[in-house]
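Novice: this one's sequence-less:
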C-alpha cells in the first residue's frame with residue numbers, strides 16, 4: 001500500500017521508525033525489534049539509511065522483511081550524501097524487486113571531512129525526488145523541519161527548499177522531532193502560506209536517556225521546552241524514571257496533536273519495542289474514538 005493512501009483515508013495513522021545495524025553489526029536484534037513493533041500493527045514502519053550509506057543493503061533487507069514477511073507497509077529511506085547516482089539507481093531497482101513502493105528521499109547529514117557533493121552524487125533532496133519519479137511508480141516522502149534546518153539562514157529560506165521538494169512531486173512530509181507542539185502548529189501555518197499543502201506526519205521522539213537528549217539537540221538544533229528541561233534535570237540520573245517520563249511526555253504530545261487535528265503520527269522508536277508498545281497502549285482509546293472503531 002502507498003503511504004499517501006493511508007494519509008488520505010481521513011483516519012489518524014501511527015507509524016514507527018527503525019534503524020539498521022551498523023555495517024558489520026549484529027542483524028538479529030534489529031529483526032527482533034522489527035518483529036515486536038510490527039506486532040503492534042502500526043500503519044507503516046520506516047527504516048533509516050544509516051550514516052555514510054554503509055547500511056543501505058540492510059535497509060532494503062529490513063524493509064523487505066517488514067513488508068513481505070510481517071505484512072506491514074514499509075518506508076525505505078534513501079539519501080544523497082551517502083549514495084552515488086549509480087548506487088541510487090541500483091537501490092531503486094532493489095526496492096522495486098522487493099515490491100517496496102514507499103521511499104523517504106533525503107539529502108542526509110554530511111559527515112565531517114566528506115567531499116560533498118561531487119559530480120557522481122545528487123546535491124539536494126529535490127534532485128533525488130526527480131530521479132525516483134523517473135524510475136518507478138513510487139510514493140515519495142520528504143523531510144521538513146518545524147524549527148528550520150540548521151544549515152538554513154532563516155525559516156523563510158528553509159521553506160523555499162521545502163517548496164521546491166513539494167513542487168517536484170513528493171507526496172507527503174515527515175517532520176524532524178520537536179518537543180513543543182506550538183512549534184509544529186506555527187510551521188503548518190507558515191507552510192500553508194507558501195502553498196505547501198502536502199500531508200504532514202508529525203515526528204515524535206520519546207527521549208529515554210540523558211545522552212540522547214544532548215545529542216539530539218546538538219545535531220538537529222531541536223530546542224527543549226522548559227517543561228522538558230525540568231524533567232531531564234529531575235530524572236536524568238535515573239534511567240527508569242527518565243524512560244517513564246519520556247514516554248509520558250511523548251504521549252502528552254501525541255494526545256494534543258490528535259486533539260488539534262494532526263492525522264499522521266510517527267514515533268522515533270530508537271529500536272525499542274517496549275517504548276513503542278507503551279505509547280500505543282496509552283493512545284489506543286484515542287485512536288478508537290477518532291477513527292470510529294470503538
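Specialist: Received it, and whenever you're ready, just let me know what you need. Please read all numbers here as calculations on a predicted model, not as lab measurements.
Novice: against residue 65, how distant is residue 71?
Specialist: Applying C-beta to C-beta, to the nearest Å, the value for residue 71 to residue 65 is 11 Å. In this view, the C-beta of every residue, glycine as well, is placed from N, C-alpha and C.
Novice: who's more crowded, those two?
Specialist: The residue with more neighbours, out of residue 71 and residue 65, is residue 65; 19 against 9, by other C-beta atoms under 10 Å.
Novice: was I right to think that one contacts residue 33?
Specialist: No: here residue 65 does not reach residue 33: they are 11.3 Å apart, not a contact under C-beta atoms under 8 Å.
Novice: joint contacts of these two?
Specialist: Residues within reach of residue 65 and of residue 33 at once, by C-beta atoms under 8 Å, 6 or more residues apart in numbering: there are none.
Novice: need the longest helix for the protein.
Specialist: helix 239-259 (DSSP state H).
Novice: centre of the chain to that one, how far?
Specialist: 18 Å (C-alpha atoms, centre = their mean, to the nearest Å).
Novice: same check on stretch 92-108?
Specialist: The gap between where stretch 92-108 is centred and where its chain is centred comes out at 15 Å by C-alpha atoms, centre = their mean.
Novice: what residues of that stretch count as buried?
Specialist: The neighbour-count check on stretch 92-108 (16 or more other C-beta atoms under 10 Å) flags 92, 94-95, 98, 100-108 as buried.
Novice: confidence-wise, which of these comes last?
Specialist: Lowest pLDDT among the buried residues of stretch 92-108: residue 108, with 75.
Novice: what strand or helix carries that residue?
Specialist: Per DSSP states H and E, residue 108 falls between elements, in no helix or strand.
Novice: give me every residue that touches it.
Specialist: 49, 51, 79, 80, 81, 82.
Novice: quick check: the two most widely separated of the buried residues of stretch 92-108?
Specialist: 98 and 107 (23.7 Å; C-beta to C-beta).
Novice: can you pull the contacts of residue 4?
Specialist: 139, 171, 172, 199.
Novice: what about the third one, distance to residue 140?
Specialist: Think residue 172. Computed with C-beta to C-beta, the distance linking residue 172 and residue 140 is 8 Å.
Novice: so the closest residue to residue 75 other than its chain neighbours, which of the three states?
Specialist: The shortest distance from residue 75 to any residue other than its chain neighbours is 3.9 Å, reached at residue 46 (C-beta to C-beta, 6 or more residues apart in numbering). Taken by DSSP: H, G, I helix; E, B strand; the rest coil, the conformation at residue 46 corresponds to strand.
Novice: neighbours of residue 46, how many?
Specialist: The number of residues packed around residue 46, counting by other C-beta under 10 Å, is 29.
Novice: and it, what are its bridge partners?
Specialist: Residue 46 forms beta bridges with residue 17, residue 75, as assigned by DSSP bridges.
Novice: surely it touches residue 73?
Specialist: No: under the criterion of C-beta under 8 Å, residue 46 is not in contact with residue 73, lying 9.7 Å apart.
Novice: what about the helices in the stretch 101-250 of the chain?
Specialist: In order along the chain, the stretch 101-250 of the chain carries the following helices (DSSP state H, counting those that start in this stretch): 125-135, 155-168, 181-193, 210-220, 226-235, 239-259.
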